[in-house]
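Undergrad: based on what follows, work out the 3D shape:
(chains A and B)
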Amino acid sequence: MWDYTDKVKDYFFNPKNAGVLDDANAVGEVGAIACGDALKLMLKVDPVTQVILDARFQTFGCGSAIASSSALTELIIGKTLQEALTLSNQDIADFLGGLPPEKMHCSVMGYEALQAAIANFNGEVWSDDHDEGALVCKCFGIDEGVIERAVKMNKLTTIEQVTAYTKAGGGCLTCFDRLEEILARTNEELVAEGLLAEHDAYCLGTVAAKEIKAKAQQAKKEATAQTSPLAPVSPLPPASAGMTNLQKIRLIEETIEELRPFLKKDGGDCELVDFDNGNVLVKLAGACVGCQMASITVSGIQERLVAKLGMPLRVIPVGKHAH
Amino acid sequence: MKAVYLDNNATTRVDPSVVETMLPFFTEQFGNASSIHAFGASVGGALKTARKQLQELLGAAHDHEIIYTSGGTESDNTAILSALEAQAGRDEIVTSKVEHPAVLALCQHLEKTGRAKVHYIGVDSFGRLDLEAYRSALSDKVAVVSIMWANNETGTIFPVEGLADLAKGVGALFHTDAVQAVGKVPVSLKDSSIDMLSLSGHKLHAPKGVGALYVKRGARFKPVFRGGHQERGRRAGTENIPGIVGLGKAAELAIQDMAEEQGRVKDLRDRLEKAILQRVPNCFVNGDLNDRLPNTCNVAFEYVEGEGILLHLNRVGIAASSGSACTSGSLEPSHVLRAMNIPFTAAHGSIRFSLSRDNSVEDVDRVVEALPGIIEKLRALSPFWAGADKEARDFKPLYA
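TA: Sure, this is the predicted structure:
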């Protein structure tokens, strides 16, 4: 088990300010369920004085993610937005008496959510929005801005630290080259600003980095040898914008048709019933119907359709199913 | 409050009678089995008895087919390294994506250093091995097949006897990591094509630091440890006599308790599993429900993260484990759940409960009492649960 401080444990077991804030006028959402943690921060800001009157959070994640979220709300309630903006992820970690190094990304998530909420209040879109090209780590959906900010704010100098603080590179590591490039460039900037000693800055091609790189190359090789079509499809697909509803239905039918042989192989089947407003209604049959298989099949079909159509949609099994 | 220990796939409590059997071998019968004098001789006898006890548990034809080791990892490493060294001209390994790191990390290392080509066979969403891929990976280039008997995370049992027959067909050695299976399911090696089998003492109520590698008589073998002539020269190093004697006693107990493991322990597991599925919405069981260890129950709770569940359980004195990323120090869910393609919505919230004969109905009921509230509390905190609430309930019939 992790070596959590008593304060982390206390804020996990008895989180303060957890739940939905109904009259929130600033909301920041970061993370995703696939990445293992996500945070929705809700603020009620006085429009005149810009004081944060109330703050609530909802968090999916480990103990330190929940504790960090709660700590964040405690730190910002009563502060003006101006003051809140000066808060760093280290302040969150310090408030909790420190976090295990591998868990620092929990504090960064809090920091990012706060920035997003304030941007939301100001009618802006926070840059943590995975713009085209900005997405670096596809496993955890981390973009360049998050990495740059974490490196600058915490004076990070190794790839391992970048992973501990942002999770970027914690999965397949195919993004190694870009991580290295961002780290080297940001370190260079820190040195230029006199915030980092030159000999501490990240040096391209260090021994440790070489080892990680070998792992990255191995991962790349594996990634190109993709297997089952029911396997999760990685990042975002071509857009279906401009397609008529009929065209979309045809494409959905084609996709399901492609998947049927694989379902049949396991004694199951699937058929399209209706497509309405982003909802794909399907009828599952045979071995697909059963507690465990169904949820996996549905999510498999859904991922595949999202990839093909390039639009968010939900696969919903309907109708009586034959056992 | 009595602690409830449901992490027996991680390690088990040493049986008090095992400890009792071991104690004289620390201070009274402390001799070296290789010595010619009386001190050595009495220890030699104990070693022989222990070997017979383990032979019986494994259903092995000969007691000298058992080589004592320091545990499962050494046995796994020895089996694979020996098979490669003993068979010039064969430099491929066939294994599965869901093996224990004791096998996987070694295979990856051998691959990286150019000493072997490795085929990693995948599994389906129930954790069942892809038999077609397995068949097509077999060839006369394969030195060794290493496939686990039962998976440590889900308890899914692989049909190792059949797999071993197929491996024999291409002349490859067949090794199985049976660390989780021995003592929980009946094993009979004398009539099987299994050439090598690894087991670990501390998974069956013997102490840590002792294990064994079964090597079928006639199977090609090259020692990894060289030195003295212990274990017929196949594993040098003075024997861990107290540990070996303890493992022998534990093997004897395992034979006696096999029926209990298959009966009472399985009933307890089923009671736990059924109650969880009934009382907690949006959860399902990971693994092959038709072919599973009787003591293991791996449940995926959607929209919550495993570490939070474990911290809460720990606070009320319940010990379990998780395939979630957060608990392991890695950032991704376990390689087993990923190989099974368990959706991320559930993989992060997968909890393993592993029972043993030490558990009681009260233990199980304590979990059943505590768990629904914990999951509810964490889901109330989860942004996905609030958002998915309605849809999730629409999905509910599918999980019934």
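Undergrad: got the residues of the stretch 1-150 of chain A near chain B?
TA: Proximity of the stretch 1-150 of chain A to chain B (CB under 8 Å from any CB of the partner chain) is limited to residues A:1, A:9, A:12-13, A:15, A:18-20, A:29, A:33-34, A:36-40, A:58-63, A:65-66, A:102, A:139-140. No exception for glycine: its C-beta is placed from N, CA and C like everyone else's.
Undergrad: return the per-residue confidence for whichever residue of the stretch 1-150 of chain A sits closest to chain B.
TA: Closest to chain B within the stretch 1-150 of chain A is residue A:62: 3.4 Å, counting by CB to the nearest CB. Note on residue A:62: pLDDT of 90.
Undergrad: how much space between it and residue A:10?
TA: 16 Å (CB to CB, to the nearest Å).
Undergrad: show me the shaky parts of the stretch 201-323 of chain A.
TA: Within the stretch 201-323 of chain A, the stretches falling below the threshold (pLDDT under 70) are A:205-242, A:265-267, A:286-297, A:299, A:312, A:319-323.
Undergrad: what about 50?
TA: A:224-238, A:289-293, A:320-323 (pLDDT under 50).
Undergrad: now the strands for it?
TA: A:268-276, A:279-286, A:314-317 (DSSP state E, counting those that start in this stretch).
Undergrad: looking at the ones you listed, which is closest to residue B:160?
TA: strand A:268-276 (27.2 Å; CB to CB).
Undergrad: list the buried residues of that closest one.
TA: For strand A:268-276, the neighbour count (16 or more other CB atoms under 10 Å in any protein chain shown) marks A:268-270, A:272, A:275 as buried.
Undergrad: of these, closest to residue B:276?
TA: Nearest member of the buried residues of strand A:268-276 to residue B:276, counting by CB to CB, is residue A:268, at 25.5 Å.
Undergrad: ok, that closest one to residue B:152 distance?
TA: From residue A:268 over to residue B:152 (counting by CB to CB), the distance is 28 Å.
Undergrad: burial of the residue lying closest to residue B:156 once chain neighbours are set aside, as a residue count?
TA: Nearest residue to residue B:156 in three dimensions, chain neighbours excluded: residue B:127, at 3.9 Å (CB to CB, 6 or more residues apart in numbering or on different chains). Neighbour count for residue B:127, taken as other CB atoms under 10 Å in any protein chain shown: 26.
Undergrad: if we can go back for a sec, got the phi and psi for the residue of the stretch 1-150 of chain A closest to chain B?
TA: phi -80, psi -180 (degrees, to the nearest 10).
Undergrad: surely it and residue B:310 touch.
TA: No - between residue A:62 and residue B:310 there is no contact under CB atoms under 8 Å: 9.5 Å.
Undergrad: returning to what we had before: residue A:176 versus the residue of the stretch 1-150 of chain A closest to chain B, what's the distance?
TA: Counting by CB to CB, the gap from residue A:62 to residue A:176 is 25 Å.
Undergrad: and for residue B:72?
TA: When residue B:72 is compared with residue A:176 (using CB to CB), they lie 33 Å apart.
Undergrad: one more: residue B:302?
TA: For residue B:302, the distance to residue A:176 - CB to CB - is 32 Å.
Undergrad: who has more neighbours, those two?
TA: The neighbour count for residue B:302 versus residue A:176, taken as other CB under 10 Å, is higher for residue B:302 (27 against 22).
Undergrad: for the more buried one, which non-adjacent residue is spatially closest?
TA: Leaving out its chain neighbours, residue B:302 is closest to residue B:282 (CB to CB, 6+ apart), at 4.3 Å.
Undergrad: what's the burial count for the one you found?
TA: Considering only other CB under 10 Å, residue B:282 is surrounded by 23 other residues.
Undergrad: ok, residue A:278 next?
TA: By other CB under 10 Å, neighbour count at residue A:278 equals 11.
Undergrad: which segments of the chain make up each domain?
TA: With no chain named, the answer covers chain A. Following automatic domain parsing, one finds the domains of chain A at A:6-121, A:135-224, A:245-317.
Undergrad: sorry, I should have been clearer: chain B.
TA: According to automatic domain parsing, the ranges for chain B are B:4-9+B:258-399, B:16-254.
Undergrad: same list, these, but as CSV with distance to residue A:154 and mean pLDDT please.
TA: Formatted as CSV, these follow (distance: least, CB to CB, whole Å; pLDDT from 0 to 100):
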stretch, distance to residue A:154, mean pLDDT
domain B:4-9+B:258-399, 18, 87
domain B:16-254, 31, 97
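Undergrad: circling back to that earlier point, how close does the residue nearest to residue B:156 get to chain A?
TA: 10 Å (CB to the nearest CB, to the nearest Å).
Undergrad: just residue B:236 next, same as before
TA: When residue B:236 is compared with chain A (using CB to the nearest CB), they lie 32 Å apart.
Undergrad: same check, this time on residue B:116
TA: Taking CB to the nearest CB, one finds residue B:116 at 15 Å from chain A.
Undergrad: number of residues surrounding that residue?
TA: Residue B:116, neighbours per other CB under 10 Å, totals 22.
Undergrad: not counting its neighbours along the chain, what's nearest it?
TA: residue B:110 (4.1 Å).
Undergrad: surely that neighbour and residue B:104 touch.
TA: No - Residue B:110 is not in contact with residue B:104 according to CB under 8 Å; the separation is 10.8 Å.
Undergrad: related to what we said a few turns ago, among the residues of the stretch 1-150 of chain A next to chain B, which are located in helices?
TA: The helices in this structure, assigned by DSSP state H, contain A:9, A:12-13, A:63, A:65-66 from the residues of the stretch 1-150 of chain A next to chain B.
Undergrad: now the buried members of those residues.
TA: Buried, going by 16+ other CB under 10 Å: A:9, A:12, A:63, A:65-66, out of those.
Undergrad: and stretch A:154-163, average pLDDT?
TA: pLDDT averaged over stretch A:154-163 gives 90.
Undergrad: and that stretch with chain B, contact?
TA: Yes - legend: contact between stretch A:154-163 and chain B by CB under 8 Å from any CB is shown at residue A:163.
Undergrad: how far out from the middle of the chain is that stretch?
TA: 19 Å (CA atoms, centre = their mean, to the nearest Å).
Undergrad: ok, and for it, which residues are buried?
TA: A:154, A:156-157, A:159-163.
Undergrad: who's in contact with residue A:255?
TA: Shown in contact with residue A:255 (CB atoms under 8 Å, 6 or more residues apart in numbering or on different chains): A:304-305, A:308.
Undergrad: with residue B:42 instead?
TA: Residue B:42 touches B:29, B:31, counting by CB under 8 Å, 6+ apart.
Undergrad: ok but it is inside a strand, no?
TA: No - according to DSSP: H, G, I helix; E, B strand; the rest coil, residue B:42 belongs to no strand; its state is helix.
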